[in-house]
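>>> requesting a structural model of the entry that follows:
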Amino acid sequence: MVSNIIIDSHQHFWKLSRNDYKWLTKDLPELYRDFMPNDLYPILNEHQIDKTIVVQAAPTINETLFLLNLFEEHEWIAGVVGWLDLTEINFKQHLEELHQHHGFVGVRPMLQDLDEDDWILRKDVLKNIELLVQYDVPLDLLIKPRHFPYILKLLKMFPQLRVVVNHIAKPNIAKQQLEGWKEEIGQIAMYPNVMCKISGLVTEATHKNWTIEEFQPYINHVVNVFGTNRVMFGSDWPVCQLAGTYNDVLTILMENLPTNILGKDLENIFGENAKRFYKL
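The predicted model follows:
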């Protein structure tokens, strides 16, 4: 694929007995079991993926510490995007503690699961986002198109904040909805400190009944507006297994990238951008 180090910028681990994955129920049989490093490692070897970024899947500090322990045990885990309560009065203390761990590379609030779409603009949250800027800790954004107006306000307030949009902000690919999403993610891309993960696409399509071609306008658009130095590949494993395999995710991206993307541009998308953004 590419000659340099290949990094999967977005994957998860979980252990059901930890009991902090409230979204994970028996209604999701493909996901309702433990997914640990030994499950992923053979898949990475098969596809010649060198490193991964593991991202929180529960809104608890304990899960972040659990992931950091896995980081210590597996050299191919390049970093952990953890969770911190951005409303907490002791946020600075917790941030400083995590910031001392060399595996901690970012913070992700689970915005898509919150009742308030404008939660990110709360005064207590904004005060703590100032600390993320101060400590140069990037923010992963788990959002949907309905969050765009509030994220644009956030970026206007904190243009120095380093941000990466997860899953291209989850447009409704199943219904081929481009209008609205296309314009607003283009506005977000105008902020030079914002990147975008080309991840989570297959689960926004019709599960088990998608075609490779239907992802093309979405992938082309984010590459066009962000450029090849601000997008990164992420598998969203094991969540992707709701709709496809790890190989499917790779194939969807490779088959839909503009044909003129070669060499250094490919290296950027499949590793260098993640390495630079997360300061690996």
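>>> residues contacting the residue most central in space within the chain?
Most central residue of the chain, judged by C-alpha distance to the mean C-alpha position with Cα atoms, centre = their mean, is Asn166 at 3.8 Å. Neighbouring residues of Asn166 by Cβ atoms under 8 Å, 6 or more residues apart in numbering: 10, 55, 108, 140-143, 197, 199-200, 234. For the C-beta atoms, the positions are set from N, CA and C on the backbone; glycine is no exception.
>>> got the contact list for the residue located most distally from the centre of the chain?
Farthest-out residue of the chain from its mean C-alpha position, per Cα atoms, centre = their mean: Ile89, at 26.2 Å. Residues near Ile89 by Cβ under 8 Å, 6+ apart: Asp124.
>>> any idea which element it lies in?
Element membership for Ile89, per DSSP states H and E: none, as it lies in no helix or strand.
>>> contacts for stretch 260-278, please.
Residues outside stretch 260-278 that contact it (Cβ under 8 Å, 6+ apart): 1-7, 9, 50-51, 53, 78-79, 81, 105-106, 138, 162, 164, 195, 198, 223, 228-233, 257, 280.
>>> does Thr206 touch Gln176 like I think?
No. The pair formed by Thr206 and Gln176 falls short of the contact definition of Cβ atoms under 8 Å, at 10.3 Å.
>>> show me where this structure has its strands.
Using DSSP state E, the strands of the chain run over 7-11, 51-55, 77-82, 104-107, 139-141, 163-165, 194-198, 231-233.
>>> closest one to Glu97 among those strands?
When the strands of the chain are compared by Cβ to Cβ, strand 104-107 sits nearest Glu97, at 9.2 Å.
>>> now that closest one: mean pLDDT?
Mean pLDDT, strand 104-107: 98.
>>> who are the packing partners of it?
On a contact count with 3 or more Cβ pairs under 8 Å, 6 or more residues apart in numbering; DSSP states H and E, strand 104-107 meets strand 77-82, strand 139-141.
>>> distance check, the closest residue to Leu250 other than its chain neighbours against Tyr150.
Spatial nearest neighbour of Leu250, excluding adjacent residues (Cβ to Cβ, 6 or more residues apart in numbering): His47 at 6.2 Å. His47 is 36 Å from Tyr150, where distance means Cβ to Cβ, to the nearest Å.
>>> beta partners of Val107?
Gly82, Leu139 (DSSP bridges).
>>> and it, what does it touch?
With contact set as Cβ under 8 Å, 6+ apart, Val107 has these partners: 81-84, 86, 95, 132, 137-140.
>>> sorry, back to before: now, of the contacts of stretch 260-278, which are buried?
2, 5-7, 9, 51, 53, 78-79, 81, 105-106, 138, 162, 164, 195, 198, 223, 228, 230-233, 257 (16 or more other Cβ atoms under 10 Å).
>>> how near is the closest residue to Phe66 other than its chain neighbours to Thr52?
Once flanking residues are discounted, Phe66 sits nearest to Arg18: 6.7 Å by Cβ to Cβ, 6+ apart. Remark: distance between Arg18 and Thr52 (Cβ to Cβ) = 20 Å.
>>> which parts of the stretch 51-200 of the chain are helices?
Using DSSP state H, counting those that start in this stretch, the helices of the stretch 51-200 of the chain run over 61-73, 91-99, 123-135, 148-157, 181-188.
>>> between these, which one is nearest to Cys240?
That would be helix 61-73 among the helices of the stretch 51-200 of the chain, by Cβ to Cβ, at 18.5 Å.
>>> got the angle for the closest one vs strand 51-55?
170 degrees (axes from the mean of the first three to the mean of the last three Cα atoms, to 10 degrees).
>>> average pLDDT across helix 61-73?
Here the average pLDDT along helix 61-73 is 98.
>>> centre of the chain versus it, how much separation?
17 Å (Cα atoms, centre = their mean, to the nearest Å).
>>> any residues touching it, and which ones?
Contacts with helix 61-73, where a contact means Cβ under 8 Å, 6+ apart, come from 13-15, 18, 20, 36-37, 54, 56-57, 77, 79-80, 82-85, 94, 98, 101, 103-104.
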